[in-house]
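1. Below are the sequence and a predicted model for it; my questions follow.
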Amino acid sequence: MATLEINGVAKLYGNRTVLHDISLNLSSGEFVSLLGPSGCGKTTLLRIIAGFEHPERGSVRVDGRDITALPANQRQLGMVFQAYSLFPNMTAAENVRFGLRVRKIDAAEQTRRVGEMLELVGLSAHADKYPHQLSGGQQQRVALARALAIQPTLLLLDEPLSALDAKVRVQLREEIRRIQRETGITTVFVTHDQEEALSISDRVAVMFEGRMVQVGAPAAIYQEPEHPFVAQFIGISSRLPARLLDAGQGMISVMDKPLQAPRARGLTSGELHLYLRPEDVQLHALNGSTPSDAVLQGTVRESTFFGAVTRLRVELDSGERLLSDLSTSAAQQLPIGSRVHIGWPADAMRLLPAKDTP
Ligand SMILES: Nc1ncnc2c1ncn2[C@@H]1O[C@H](COP(=O)(O)OP(=O)(O)OP(=O)(O)O)[C@@H](O)[C@H]1O
Ligand SMILES: [Mg+2]
């Protein structure tokens, strides 16, 4: 088990900066995902940790030791990549044994560890199969066993599930998490799939355009976005323009309606964006009595059935759009064209300065 400290790392390709001042610390045994869209720099950061790329600035430390200049082959790290990267002419067992042979581990110990690793990933019965005789998910399990066999100080996984179909992905990500817990190995897991990152990580590090925009526990990333990119990229949010009226009192206005918003306290920017999760937006037919949480009015324009839940798209009289997830039975009372009161709990409002919006 090891700690990992990334401090002020910057990386340029030519004159283009692809990583800006990245810092991230992992405690021993922690599982952290790097989450972000294609091209944001996840693989580049992972390759810097692995020693395949070198940063222009900053440092990488493992257990307090500066390894920034250490060649990759002296770092003792386990890696699994997106593409199946097994040696095609070796069996599963031979693949797992490979790194042990290179390191000239005692033969009996090699055999013991190969058996142990194949058992850990549930492939003892497939030890003598070649990669082409294994499914994609099984091949990635062998790759994981191979990475772990050398008893690495860190496990680095670069989208190891992205070539697999949806069902196998979910099974294998849970398996990876179980194995990571059992071995206690400090792990960096790269993905662009937010559900994957939120479901298996101790913490998620969200990257956007070469910057680390927020690092936190999955629930905090989802519930307390600190950056507009996080508010829009993680889960689904509707966005409305808002204005700060009184930061001390926690007052904002939305479509010229003054509203108490606890999270407005301490904000400084006048122009804000208000983000609302569809599960927080309540709708009530306009012909009934006015509910206490009603803020705005609008018209139901679209309805998408998801089974137990139906998502309604509502257009405000001012033209903005909001999504609302209702129980299907409630949504059936509000057919397309219905006029509705729109409301939400005060603490469901996330507010961010409008000027930072990407
Ligand atoms: N060897 C290279 N030479 C020049 N530019 C590169 C090189 N490798 C990556 N880049 C650029 O650096 C940026 C970050 O790339 P990187 O592969 O780290 O992104 P990523 O987040 O892993 O994306 P993806 O989700 O598509 O794998 C991209 O704009 C990419 O084009
Ligand atoms: Mg990548």
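-> Everything's here; your move. Ligands and ions are numbered 1, 2, ... in the order given.

2. Now for the residue nearest the centre of the chain: which residues touch it?
-> Central residue check for the chain by CA atoms, centre = their mean: the C-alpha nearest the mean position is that of Ala197, 3.5 Å away. Residues counted as contacts of Ala197 (CB atoms under 8 Å, 6 or more residues apart in numbering) are 33, 35, 189, 191, 204, 218. (C-beta placed from N, C-alpha, C; glycine too.)

3. Report the separation between it and ligand 1.
-> For Ala197, the distance to ligand 1 equals 12 Å [CB to the nearest ligand atom, to the nearest Å].

4. check which helix or strand covers that residue.
-> With secondary structure defined by DSSP states H and E, Ala197 is part of helix 194-200.

5. pLDDT of that helix, averaged?
-> Over the span of helix 194-200, the pLDDT mean works out to 94.

6. With stretch 99-115 instead?
-> When pLDDT is averaged over stretch 99-115, the result is 94.

7. One more: stretch 278-295?
-> Model confidence over stretch 278-295, given as mean pLDDT, is 85.

8. what does that stretch contact?
-> 236, 238, 254, 257, 259, 297, 300, 311-312, 314, 322-326, 330, 333-334, 338-345, 348.

9. Give me the buried entries from those residues.
-> Among the contacts of stretch 278-295, the ones that count as buried by 16 or more other CB atoms under 10 Å are 238, 254, 259, 297, 300, 311-312, 314, 322-326, 330, 334, 338, 340-344, 348.

10. which ones among the residues you listed are found in helices?
-> Filtering the buried ones among the contacts of stretch 278-295 for membership in helices, criterion DSSP state H, returns Ala330.

11. Near ligand 1, which residues of the stretch 51-200 of the chain are found?
-> The stretch 51-200 of the chain comes close to ligand 1 at residues His192, as judged by CB under 6 Å from any ligand atom.

12. re the thing from before, which parts of the helix holding Ala197 are buried?
-> 194, 196-198, 200.

13. count of neighbours near the closest residue in space to Glu109 that isn't next to it in sequence?
-> Taking CB to CB, 6 or more residues apart in numbering as the measure, Glu109 lies nearest to Leu100, with 7.6 Å between them; neighbours along the chain are not counted. Number of residues near Leu100 (other CB atoms under 10 Å) recorded here: 22.

14. Can you pull the phi and psi angles for Leu100?
-> Backbone dihedrals for Leu100, given as degrees, to the nearest 10, come out at phi -80, psi -40.

15. Now do the contacts for it.
-> The neighbourhood of Leu100, defined by CB under 8 Å, 6+ apart, consists of 109-110, 113-114, 149-150.

16. do Ile336 as well
-> Contacts for Ile336 were tallied using CB under 8 Å, 6+ apart; they are 300-303.

17. Please repeat the previous calculation with a cut-off of 10 Å.
-> For Ile336, the set of contacting residues under the criterion of CB atoms under 10 Å, 6 or more residues apart in numbering consists of 299-303, 312-313.

18. per the record, what domains does the protein have?
-> Using automatic domain parsing, the domain ranges for the chain come out as 4-231, 236-356.

19. Highest mean neighbour count out of these?
-> Scoring the domains of the chain by mean neighbour count under mean count of other CB atoms under 10 Å gives domain 4-231 as the most buried, with a mean of 18.

20. gap between the two ends of that domain?
-> 27 Å (CA to CA, to the nearest Å).

21. go on, stretch 193-211?
-> 18 Å.

22. can you give me the strands for the stretch 251-358 of the chain?
-> Here the stretch 251-358 of the chain has its strands, by DSSP state E, counting those that start in this stretch, at 251-254, 257-260, 271-276, 282-285, 294-305, 309-316, 321-327, 339-343, 350-353.

23. closest one to Ser23 among those?
-> Comparing these by their distance to Ser23 (CB to CB), the top pick is strand 350-353, with 21.8 Å.

24. Give me the sheet partners of that closest one and which way each runs.
-> Under the criterion DSSP bridges, strand 350-353 sits next to strand 271-276 (antiparallel) in its sheet.

25. got a list of contacts for the partner strand?
-> Among residues not part of strand 271-276, those counted as contacts by CB under 10 Å, 6+ apart are 225, 228, 230-232, 235-244, 252-254, 259, 261, 263-264, 322-324, 342, 344-345, 348-357.
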